[in-house]
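Participant: Based on what follows, work out the 3D shape:
(2 chains)
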Number of protein chains: 2
Amino acid sequence: MTDAPTPAWIAVDWGTSNLRAWAMGADGNVLAEAESDDGMGKLAPEGFEPALLRLITPWLGGNPPILACGMVGSRQGWREAPYRAVPCTPLDPAALIAAATTDPRLNVRIAPGLMQADPADVMRGEETQIAGALRLMPGYDGVLCLPGTHSKWAHVSAGEVVSFQTFMTGELFALLSTASVLRHGMPGAGWDEAAFDTAVSDALSRPERLGARLFSLRAQGLVAGLSPAAARARLSGLLIGMELAGAKPYWLGQRVTLIGAEKLSAAYVRALAAQGVTAQRLSVTDCTLAGLASLSPQTEGAR
Amino acid sequence: MTDAPTPAWIAVDWGTSNLRAWAMGADGNVLAEAESDDGMGKLAPEGFEPALLRLITPWLGGNPPILACGMVGSRQGWREAPYRAVPCTPLDPAALIAAATTDPRLNVRIAPGLMQADPADVMRGEETQIAGALRLMPGYDGVLCLPGTHSKWAHVSAGEVVSFQTFMTGELFALLSTASVLRHGMPGAGWDEAAFDTAVSDALSRPERLGARLFSLRAQGLVAGLSPAAARARLSGLLIGMELAGAKPYWLGQRVTLIGAEKLSAAYVRALAAQGVTAQRLSVTDCTLAGLASLSPQTEGAR
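Facilitator: This next block holds a predicted model:
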């Protein structure tokens, strides 16, 4: 058992499915971290304060400021933090929105997401990772790819997000692999790298065949004994290949950095490498914490 | 109340979700019909006979032969009817498989589906509709499109299915409109014909943008007030447009006939018309009954 930390501030990443918090030291180090499944998706407005207190009460001794990003600032969240419109910096301290709280120890401010009018697009949470990436790579000019449920590609230049585009790749993979007829053909967690590579290439060269290629995974399982590992990897490759086909203006001839979960980012790096693009990688947590730290003079100085 | 019919034979269409049966007269007319939700998907092998008896017991007075098609003949069905390989006629009376029954009044035979080795593909149930279409349009040479959960396109010539391809269009629409983040933007059953047309055209011209266009439905709902009717019609248009893009070798310069549900077929007819293709339509039930009727000398003579 360790003593409860007395953080200089608290970082919160509050998404649809999960709530993550970090107790941050005065020199930018992480003193403690905690996580729960109290995501925005399952909370009513009055449920946010108790959910946060359940997770971070031991850290509140010094009344540290709390900076949050993600779906907590959506219309269905704790308090709506209206989108800022691109082109703009990913984060603006002046745009932080305070959440109403009853516990006097809680001083919570929420970072707004970004919107784009045409083509219409939105993000909440990724803007903080982008801000962090720009702090970790000062002067970065190029493209950031944030793969996930709703993958984002953003063009950043001169410290601003110039444009961005979202792809439903991760949500499609989840639906198709667990809720469609394809689920029968891919039990387990096996993976076939060669099947992934072929599928990426197939999708890039003939994206219009997606609907037929998806059903083909089922048919090949029935009539040609396609293995679950190959079916799963090919589904992933088809969807990531489709995303790369649609995002081509973002990566072709560009400097690309990936911010995403370990295994998923590795798949994107591999798919991009096959197209001649060498992408570098940053950790999601590093970017989130660096982004939130940039939001106040107090925390800024601490990095 | 009418007396229970004494059919010459009984037609059964037994899919994953539903069970449909028709009491057929000696001259090919329908004496009675019945339906239940005892689809293959919810039945164990021993559940098929009771499910059928619940539906058609009043019709069994004359021990009429029963001809069935659909997923009832799959590996997870009542009894597996092994696929026949294309190119071949859509149905072959010699390939019917008898189901094991305990009730002596039941004489059930199941029609096999079709498979294609390369590209791998399978169908169960649609082969019977295709056989029926060939009886309703003798000498037909061209393409049949059977839109649905798993849409099929089949090239038929000289009475045989030459090749076919399946697209997951209907299942994707169901998953995305009810189980994805897009469901928030399309409550109700509204429809916007112009939005459908635009989406079909968008998908045909730039199919690789599907993943981005899907998320854009959500974003436009959030930042531009896209109506639920437009969102729903656009989702349908994007997916049908993708299917048409992938199925182009099937419809370009071909004679096309649609076999599908009323409203869905109308959407395909409209989308194809925008591409300069005038498709004709047949009723699913007419095709199913004509197909099953072709399976035995007894029922054949009755048409």
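
Participant: ok, A:Gly260 - contacts?
Facilitator: A:Cys145, A:Leu146, A:Pro147, A:Gly148, A:Tyr268, A:Arg281, A:Val284 (CB atoms under 8 Å, 6 or more residues apart in numbering or on different chains). No exception for glycine: its C-beta is placed from N, CA and C like everyone else's.

Participant: anything in stretch A:108-123 near chain B?
Facilitator: Yes - contact between stretch A:108-123 and chain B, assessed by CB under 8 Å from any CB of the partner chain, occurs at A:Met115, A:Gln116, A:Ala117, A:Pro119, A:Ala120, A:Asp121, A:Val122.

Participant: so what's A:Arg209 up against?
Facilitator: The contact partners of A:Arg209, taken as CB under 8 Å, 6+ apart, are A:Asp202, B:Gly246.

Participant: try 6 Å this time
Facilitator: Under the criterion of CB atoms under 6 Å, 6 or more residues apart in numbering or on different chains, the contact partners of A:Arg209 comprise B:Gly246.

Participant: before we move on, back to that, adding secondary structure, write the contacts of A:Gly260 out as TSV.
Facilitator: What follows is the contacts of A:Gly260, written out as TSV (DSSP: H, G, I helix; E, B strand; the rest coil):
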residue	secondary structure
A:Cys145	strand
A:Leu146	strand
A:Pro147	coil
A:Gly148	coil
A:Tyr268	helix
A:Arg281	strand
A:Val284	helix
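
Participant: Can I get those residues in CSV including neighbour count and distance to A:Arg79?
Facilitator: Written out in CSV, the entries for these read as follows (neighbours: other CB atoms under 10 Å in any protein chain shown; distance: CB to CB, whole Å):
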residue, neighbour count, distance to A:Arg79
A:Cys145, 26, 30
A:Leu146, 26, 24
A:Pro147, 22, 29
A:Gly148, 20, 24
A:Tyr268, 25, 34
A:Arg281, 15, 33
A:Val284, 20, 24
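
Participant: Tell me where the model's unsure across the stretch 151-300 of chain A.
Facilitator: Per-residue confidence for the stretch 151-300 of chain A (pLDDT under 70) gives these ranges: A:297-300.

Participant: For it, what lies in contact range of chain B?
Facilitator: Among all residues of the stretch 151-300 of chain A, those adjacent to chain B (criterion: CB under 6 Å from any CB of the partner chain) are A:165-169, A:171, A:175, A:180, A:207-209, A:211-212, A:214-216, A:219-220, A:222-224, A:242-243, A:245-246.

Participant: Identify each buried residue in the host helix or strand of A:Ser265, please.
Facilitator: A:Ser265 belongs to helix A:262-273 when elements are defined using DSSP states H and E. Under the neighbour-count criterion of 16 or more other CB atoms under 10 Å in any protein chain shown, helix A:262-273 has A:Leu264, A:Ser265, A:Ala267, A:Tyr268, A:Val269, A:Arg270, A:Ala271, A:Leu272 buried.

Participant: OK, contacts around the last one?
Facilitator: Applying CB under 6 Å, 6+ apart, we find A:Leu272 in contact with A:Ala279.

Participant: cutoff 10 Å now
Facilitator: Residues counted as contacts of A:Leu272 (CB atoms under 10 Å, 6 or more residues apart in numbering or on different chains) are A:Cys145, A:Val200, A:Ile240, A:Leu244, A:Trp251, A:Val256, A:Leu258, A:Thr278, A:Ala279.

Participant: for the third one, same thing?
Facilitator: With contacts defined as CB under 10 Å, 6+ apart, the neighbours of A:Ala267 are A:Pro147, A:Trp191, A:Glu193, A:Phe196, A:Val200, A:Ala233, A:Ser236, A:Gly237, A:Ile240, A:Leu258, A:Gly260, A:Ala261.

Participant: quick one on the thing from earlier: among the residues of the stretch 151-300 of chain A next to chain B, name the ones in strands.
Facilitator: Secondary structure of those is defined by DSSP state E; positions in strands are A:Gln165, A:Thr166, A:Phe167.

Participant: Format those residues as a markdown table; extra columns: neighbour count.
Facilitator: Written out in a markdown table, the entries for those read as follows (neighbours: other CB atoms under 10 Å in any protein chain shown):
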| residue | neighbour count |
| --- | --- |
| A:Gln165 | 23 |
| A:Thr166 | 27 |
| A:Phe167 | 29 |
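
Participant: thinking again about what came up before, now for the residues of stretch A:108-123 next to chain B, which sits with the most neighbours around it?
Facilitator: Neighbour tally across those (other CB atoms under 10 Å in any protein chain shown): the maximum, 25 neighbours, falls on A:Asp121.

Participant: Show me what that one bridges to in the sheet.
Facilitator: Judged by DSSP bridges, the bridge partners of A:Asp121 are A:Gln116.

Participant: Could you give the number of residues near the closest residue in space to A:Phe167 that isn't next to it in sequence?
Facilitator: Across the structure, with CB to CB, 6 or more residues apart in numbering or on different chains as the measure, the residue nearest A:Phe167 apart from its sequence neighbours is B:Gly211 (3.8 Å). Residues near B:Gly211, counting by other CB under 10 Å, number 27.

Participant: My guess is B:Gly211 contacts A:Thr169. True?
Facilitator: Yes - distance between B:Gly211 and A:Thr169: 5.6 Å, which falls inside the contact criterion (CB atoms under 10 Å).

Participant: So for these two, which residues contact both of them?
Facilitator: Taking CB under 10 Å, 6+ apart as the contact definition, B:Gly211 and A:Thr169 share the neighbouring residues A:His150, A:Ser151, A:Leu239, A:Ile240, A:Met242, A:Glu243, A:Leu244, A:Gly246, A:Ala247.
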